[in-house]
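# show me the folded form of this:
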Amino acid sequence: MSVVICPGIHSSQLTDSFIKNIQTDTEQVSNDWLIFPARDYPSYSPIAIYQWLEEHQPSPAQAPSLLFITFSAGVVGGIGAALTWQMRGGKVKAFLALDGWGVPLVANFPLYRLSHDYFTHWSSALLGTGAESFYAEPKVEHLDLWRSPHISLGWWVKRPGLKIYCSAAKLVRVCLKQYGEME
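Predicted coordinates for the structure are as follows:
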């Protein structure tokens, strides 16, 4: 289990929808992802997420490399937990931040920022865009980016000057494949 999902403060049905909607008929995700129980613990707490990870993984030095997919308040807790995991000897493959507006993303592992609109993308970029980024255009509602990434269309910014129009789900799938978490 090397994918860690850190949802925000919302119904768990939205997270179920996210997982279902990043898949295609030919590209499926594993059933054994670790999903932080945000209904039981604060998703904005790096300590809560890190302690929960310790309960579900071997020690950081012995655990597999982790790939974090985070949303909203889960970005706040997730980035702190990922950095702590790494400081304690664990490895982080990549960190995907969906609508982590106002959250600084600075780390020595690959970071990806996905935003529900251009303003969030632009203003968050001041705090780190990551290796690649995405913003919905036309904009979508905040929760829709998580619930329905397959219909959240916009621009995947691969690097300055190179953008591809696609869905947010497409970028998530590309990252999962790149880091060996989806076939």
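# tell me where the chain has helices.
If DSSP state H is used as the criterion, the helices of the chain fall at 12-21, 46-56, 73-87, 118-125, 142-147, 168-178.
# reformat the ones you listed as TSV; add mean neighbour count.
Glycine gets a C-beta too; all of them are placed from N, C-alpha and C. Below are these laid out as TSV (neighbours: other Cβ atoms under 10 Å):
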stretch	mean neighbour count
helix 12-21	16
helix 46-56	17
helix 73-87	23
helix 118-125	17
helix 142-147	22
helix 168-178	21
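# which ones are touching the spatially closest residue to S148 that is not a sequence neighbour?
The spatially closest residue to S148, leaving aside those adjacent along the chain, is N21, at 5.8 Å (Cβ to Cβ, 6 or more residues apart in numbering). Applying Cβ atoms under 8 Å, 6 or more residues apart in numbering, we find N21 in contact with 147-151, 169.
# okay, those residues in JSON lines with pLDDT and distance to S17 next?
Formatted as JSON lines, the entries for these read as follows, by pLDDT from 0 to 100; distance: Cβ to Cβ, whole Å:
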{"residue": "R147", "pLDDT": "98", "distance to S17": "5"}
{"residue": "S148", "pLDDT": "98", "distance to S17": "7"}
{"residue": "P149", "pLDDT": "98", "distance to S17": "9"}
{"residue": "H150", "pLDDT": "97", "distance to S17": "10"}
{"residue": "I151", "pLDDT": "97", "distance to S17": "11"}
{"residue": "A169", "pLDDT": "97", "distance to S17": "11"}
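# what's the helix or strand of the chain with the lowest mean pLDDT packed up against?
Between all helices and strands in the chain, the lowest mean by mean pLDDT, DSSP states H and E belongs to helix 118-125, at a mean of 94. Contacts defined by 3 or more Cβ pairs under 8 Å, 6 or more residues apart in numbering; DSSP states H and E place helix 118-125 against strand 111-115, strand 132-136.
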